[in-house]
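Trainee: sequence and predicted structure are below.
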Amino acid sequence: MSTPSIQNNLLIGIWKLISATAIYADGTVTPDVYGTHPVGYITYTSDGHMMVMFSRSDRTPLSQEVRSPLTPQMQSLPVEELAQAFTTFNAYAGTYTLSGNTVTHQIKIASIPNRVGTTLVRTFTLNESRLTLVTPPVLSDGVEAVFELLWERIIAR
C-alpha cells in the first residue's frame, strides 16, 4: 500500500460528516448511530497524514464549567457524566495509505486509547463531492454490523 501522488489522491482535503449509519448482518439499518445530526470532520493531507473527530450533536453539557480536562473541576464530575461525554465523541489521528478503494489509517493518537498503534481499514467510494467510508464487519452489542459514514467535501486539496 502507498499514498498516491497528489494528482491521483482524491481523498486530500477536509470533509464534513453528513451521516453515520449501522448496517447489521440481518439487514437492519440504524441510520443515526451518532444522532440525527452528527457533527464531525475528517482531513486527509497530501503528505499522508489524517485526522478525524465526530460526535453526536445533542451532547449534554457538563454540569460544571470545565475549561481544561486537567482541571480539578473535571476530576470532580460524576463518573456517569464523564462516561456520557466520552461515549458521544470519537477522534483519532495518524497516517494513511491507499490501495484501490481501501484506505488504511495507522493510528498514532486516539480518544479510545486501545486504538493507538492499530490500523483501521475502510473501503471508500467517491461520488462527486461525497465520500463514503465503510468499516469491515465488527461486533456491536454482540451483533455483526458495518458502519457507513458519509462525508461531504468542504475544502479540496
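Mentor: Nice, thanks for sending it over. The structure presented is a predicted model; accordingly, all values stated were derived computationally and were not measured.
Trainee: what about the strands in the protein?
Mentor: Along the chain, the stretches classed as strands by DSSP state E are 13-24, 29-30, 39-44, 49-55, 89-99, 102-110, 119-127, 130-134, 138-140, 143-156.
Trainee: other residues contacting stretch 31-46?
Mentor: Counting contacts by CB atoms under 8 Å, 6 or more residues apart in numbering, the residues outside stretch 31-46 that touch it are 6, 9, 11-17, 19-22, 50-58, 88, 96, 133, 147, 151, 154, 157. Glycine gets a C-beta too; all of them are placed from N, C-alpha and C.
Trainee: do you know how far residue 116 is from residue 136?
Mentor: Residue 116 sits at a distance of 19 Å from residue 136 (criterion: CB to CB, to the nearest Å).
Trainee: residue 47 - how many residues pack around it?
Mentor: Residues lying near residue 47 (other CB atoms under 10 Å) number 9.
Trainee: got a pLDDT number for it?
Mentor: If you check residue 47, the pLDDT there is 94.
Trainee: and what of residue 75?
Mentor: The model reports residue 75 with a pLDDT of 88.
Trainee: show me what the closest residue to residue 133 other than its chain neighbours is bridged to.
Mentor: Once flanking residues are discounted, residue 133 sits nearest to residue 122: 4.3 Å by CB to CB, 6 or more residues apart in numbering. With DSSP bridges as the criterion, residue 122 is bridged to residue 103.
Trainee: now swap in residue 17 and tell me
Mentor: In beta-bridge terms (that is, DSSP bridges), residue 17 pairs with residue 151.
Trainee: what do you get for residue 146?
Mentor: Under the criterion DSSP bridges, residue 146 forms beta bridges with residue 23.
Trainee: any idea how far it is from residue 140?
Mentor: Residue 146 sits 9 Å away from residue 140, going by CB to CB.
Trainee: who touches both of those two?
Mentor: Shared contacts of residue 146 and residue 140 (CB under 8 Å, 6+ apart): residue 22.
Trainee: next, count neighbours for residue 37.
Mentor: Burial measure for residue 37: 12 neighbouring residues, criterion other CB under 10 Å.
Trainee: show the pLDDT at it.
Mentor: 93.
Trainee: ok, it to residue 122 distance?
Mentor: For residue 37 relative to residue 122 (CB to CB), the value is 22 Å.
Trainee: show me what counts as buried in the helix ranked longest in the chain.
Mentor: In the chain, with assignment by DSSP state H, the single longest helix is helix 79-87. For helix 79-87, the buried set under the neighbour-count rule, 16 or more other CB atoms under 10 Å, comprises 84-85.
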